[in-house]
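[1] This is the structure alone, sequence omitted:
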Ligand SMILES: NC(=O)c1ccc[n+]([C@@H]2O[C@H](COP(=O)([O-])OP(=O)(O)OC[C@H]3O[C@@H](n4cnc5c(N)ncnc54)[C@H](O)[C@@H]3O)[C@@H](O)[C@H]2O)c1
């Protein structure tokens, strides 16, 4: 298939492109590189463009004529969304309208939208099914919920098949060590715990140890980014499959269906990294639900998705390997080895390679 990937240079998009490329799909990434990196694109070409640029978007879709679009591009930091909600409504809602308009105009038949468990807010049941009430508690969650609705309505009107994937807690890195999360301001627990293990954070704050959970800390469903990437390929196959009758419109949760507590994660990070960093227990944060675990049976039943990396140790280990590689060089050597042609395009890469090879 010809697949256009918005936000393909980011964390989840780049892992998905790796799988798409390995399966022989023709890929074009549309990304403004605001948080993504060109070196993370292991397959296909890049159009450096912003979703707000409707002319460029339209031209790109016309020239490439995709058979499917995977829409990852978004602003994703919850605390930033509280400080600057307009940024989130512009980038996640208005820009999704721009993309859907161009998608309908070009009659692209298949669309996959990256959504989030944040649309459920504080769910009153766990495992959480797709039918649970949508009640976001921050502008990020609201913007993703609004964008889901836009995708649904425009797809239904224009005859575009679509899957909305609601990811739970995404973590880990490419098991081959070529890709990982690079965004410095990530607030995710595993990333912060690894930064504490690196000595970049003096103490790891933990919010609330008196929840009604087995050890008193919050429980979350951590899904490995490579399994999440494979869920996109399964969803794409499902949309493209001729044997399923009718036009398909689905929302599907993506997680493992069981969780780990904050203490479980801290213990695993200490074990994997061999360090004993300090913890600071703080009061509960408003809006943190005690237990959020995905009911992903719809994704499994409809698309046949079978996770391969449902293992906390493996998840933490791949993330740790990536963190170690990322510093001090901005680009890991393995990436440059995989794509030597990009070395000349990005000056810092040359520098990183020189450092990694013992140069100045
Ligand atoms: N990371 C998570 O834990 C998580 C959890 C649930 C859902 N999601 C969703 O997954 C998607 C991808 O998240 P990620 O973690 O890979 O984020 P990321 O920041 O690593 O990637 C986002 C990519 O989109 C690009 N981008 C942003 N705005 C753009 C614009 N206006 N025009 C063109 N490109 C633009 C960025 O440059 C970047 O490459 C997002 O839609 C996010 O809401 C992420």
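    Perfect, thanks for sending it. Fair warning: this is a prediction, and the values are worked out from it, not measured in the lab. Numbering: from 1, shown residues only.
[2] Below-threshold pLDDT in this protein: ranges please.
    184-185, 326-360 (pLDDT under 70).
[3] which stretches of it form strands?
    Counting by DSSP state E, one finds strands in the chain at the ranges 2-6, 26-31, 45-48, 68-71, 110-116, 161-167, 169-171, 203-207, 219-220, 222-224, 249-254, 260-261, 278-282, 291-292.
[4] JSON lines for those, including distance to residue 324 and mean neighbour count?
    C-beta here means a position set from N, CA and C on the backbone, and glycine is covered the same way. Shown next, in JSON lines, are the strands of the chain (distance: least, CB to CB, whole Å; neighbours: other CB atoms under 10 Å):
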{"stretch": "strand 2-6", "distance to residue 324": "28", "mean neighbour count": "26"}
{"stretch": "strand 26-31", "distance to residue 324": "26", "mean neighbour count": "24"}
{"stretch": "strand 45-48", "distance to residue 324": "27", "mean neighbour count": "14"}
{"stretch": "strand 68-71", "distance to residue 324": "29", "mean neighbour count": "26"}
{"stretch": "strand 110-116", "distance to residue 324": "28", "mean neighbour count": "25"}
{"stretch": "strand 161-167", "distance to residue 324": "25", "mean neighbour count": "24"}
{"stretch": "strand 169-171", "distance to residue 324": "16", "mean neighbour count": "23"}
{"stretch": "strand 203-207", "distance to residue 324": "18", "mean neighbour count": "16"}
{"stretch": "strand 219-220", "distance to residue 324": "24", "mean neighbour count": "24"}
{"stretch": "strand 222-224", "distance to residue 324": "18", "mean neighbour count": "25"}
{"stretch": "strand 249-254", "distance to residue 324": "28", "mean neighbour count": "23"}
{"stretch": "strand 260-261", "distance to residue 324": "22", "mean neighbour count": "22"}
{"stretch": "strand 278-282", "distance to residue 324": "20", "mean neighbour count": "13"}
{"stretch": "strand 291-292", "distance to residue 324": "29", "mean neighbour count": "21"}
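[5] How about the residues of the stretch 1-150 of the chain by the ligand?
    6-7, 9-13, 31-36, 50-52, 72-74, 76, 91, 95, 114, 116, 144 (CB under 6 Å from any ligand atom).
[6] In helices only, show me those residues.
    11-13, 95, 144 (DSSP state H).
[7] Which members of those residues define the maximum pairwise distance?
    11 and 95 (18.4 Å; CB to CB).
[8] in the protein, which spans are helices?
    Using DSSP H, helices in the chain cover 11-22, 54-64, 78-83, 85-88, 95-106, 139-158, 189-198, 225-240, 262-273, 297-303, 312-326, 333-338, 347-356.
[9] Let me have the ones you listed in JSON lines, extended by mean neighbour count.
    Listed next are those as JSON lines, based on neighbours: other CB atoms under 10 Å:
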{"stretch": "helix 11-22", "mean neighbour count": "23"}
{"stretch": "helix 54-64", "mean neighbour count": "16"}
{"stretch": "helix 78-83", "mean neighbour count": "15"}
{"stretch": "helix 85-88", "mean neighbour count": "16"}
{"stretch": "helix 95-106", "mean neighbour count": "21"}
{"stretch": "helix 139-158", "mean neighbour count": "20"}
{"stretch": "helix 189-198", "mean neighbour count": "21"}
{"stretch": "helix 225-240", "mean neighbour count": "22"}
{"stretch": "helix 262-273", "mean neighbour count": "19"}
{"stretch": "helix 297-303", "mean neighbour count": "18"}
{"stretch": "helix 312-326", "mean neighbour count": "20"}
{"stretch": "helix 333-338", "mean neighbour count": "17"}
{"stretch": "helix 347-356", "mean neighbour count": "16"}
